[in-house]
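Asks: sharing a sequence plus its predicted fold:
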Amino acid sequence: MKILTLLQARTSSTRLPGKVLKDLLGQPMILHQIQRVQRARAIGTLCLVTSTDTSDDLLVETVGQADVMVFRGSLDDVLDRFYQAASLHAPDVVVRLTGDCPLIDPQIIDQALERFQQEGCDYLSNSNPATYPDGMDVEVFSFHALEKAWECATLPSEREHVTAYIYKHPEQFKLSNLINDIDLSSIRLTVDEVEDFHLVEKIYGELLPKNPEFLLIDVLKLLQQNPQWVSLNQSISRNAGYQRSILQDALINNRVQENE
């Protein structure tokens, strides 16, 4: 089975512009994440997928110097960006990761891939519903499912958020979800706002010098020792970007109805 792992990133984030290139203990945040992803056993080929916009030129240069494959496509139609990148490799399975997760645990990536193969599903994630901390998100899907979504998706949320069409249509796809033993979904380990980055800096500062290959369990132990850290970013809602896209869908639907 041919596996392609696509890491989605851009520098034009509206909430924290340039976050993927922010200095984190001496190197860009995105490079830390790439190093963590590469420790997963079963990711196959790894490729960063970013946009053709000039704002992403420095990101492409930075990742290229780390000898990681890069594909550039549409800035806003991220589904098309993924499909075009995947088409070049003709994989059986695609893993989707996002560049705002510098604490991603490689063992969780491997667990998701193993469960996907065991269940023979079209799509598997660990976030529908979420039981892992925000920032541990992994999605695994067949190339066939990606192609179907690319052909059929029309709403802005479905084009901007790669897998939205797939998990919104369980009648077309066999869906599955990786569930954690304990619901940790209230913990934020992603980077969307400056408060998120401050927490990640604290975690990296404590763990990286001692063990560069630290895992989620090490992060959780550290947060247990420093419970006040958890409150640094707890006011930020999960999946705010997707919710904005849903509002855009509603506006478009209202315009269509008005014109009928």
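Replies: Sure thing, it's come through.

Asks: in stretch 220-228, which residues are buried?
Replies: By neighbour count with 16 or more other CB atoms under 10 Å, stretch 220-228 contains the buried residues Leu223. The C-beta positions use only the backbone N, C-alpha and C, and glycine is treated the same way.

Asks: cool, stretch 103-117 as well?
Replies: For stretch 103-117, by 16+ other CB under 10 Å, it's Leu103, Ile104, Asp105, Pro106, Ile108, Ile109, Asp110, Gln111, Ala112, Leu113, Arg115, Phe116.

Asks: any idea where the helices of the stretch 51-200 of the chain begin and end?
Replies: Assigned by DSSP state H, counting those that start in this stretch, the stretch 51-200 of the chain shows helices spanning 57-65, 78-87, 106-119, 143-152, 156-160, 164-167, 194-207.

Asks: possible to save the buried residues of stretch 103-117 as CSV with distance to Val49 and pLDDT?
Replies: What follows is these, written out as CSV (distance: CB to CB, whole Å; pLDDT from 0 to 100):
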residue, distance to Val49, pLDDT
Leu103, 21, 98
Ile104, 16, 98
Asp105, 21, 98
Pro106, 19, 98
Ile108, 20, 98
Ile109, 16, 98
Asp110, 21, 98
Gln111, 23, 98
Ala112, 18, 98
Leu113, 18, 98
Arg115, 24, 98
Phe116, 20, 98
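
Asks: let me see the contact set for Ser186.
Replies: Counting by CB atoms under 8 Å, 6 or more residues apart in numbering, Ser186 touches Gln234.

Asks: mind pulling up the pLDDT for it?
Replies: pLDDT, Ser186: 91.

Asks: how close does it sit to Val230?
Replies: Ser186 sits at a distance of 9 Å from Val230 (criterion: CB to CB, to the nearest Å).

Asks: from the helices of the stretch 51-200 of the chain, which stretch is densest packed?
Replies: Of all these, helix 164-167 carries the top mean neighbour count, a mean of 22, counting by mean count of other CB atoms under 10 Å.

Asks: pLDDT below threshold where in the stretch 151-260 of the chain?
Replies: Scanning the stretch 151-260 of the chain for pLDDT under 70 picks out 236-260.

Asks: again, 50 this time
Replies: Counting by pLDDT under 50, the stretch 151-260 of the chain shows low-confidence ranges at 240-247, 249-258.

Asks: quick one: the strands in it?
Replies: For the stretch 151-260 of the chain, the strands defined by DSSP state E, counting those that start in this stretch cover 175-177.

Asks: still on that earlier bit, mind putting the helices of the stretch 51-200 of the chain into JSON lines with distance to Val20?
Replies: Formatted as JSON lines, these follow (distance: least, CB to CB, whole Å):
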{"stretch": "helix 57-65", "distance to Val20": "6"}
{"stretch": "helix 78-87", "distance to Val20": "15"}
{"stretch": "helix 106-119", "distance to Val20": "18"}
{"stretch": "helix 143-152", "distance to Val20": "23"}
{"stretch": "helix 156-160", "distance to Val20": "17"}
{"stretch": "helix 164-167", "distance to Val20": "22"}
{"stretch": "helix 194-207", "distance to Val20": "11"}
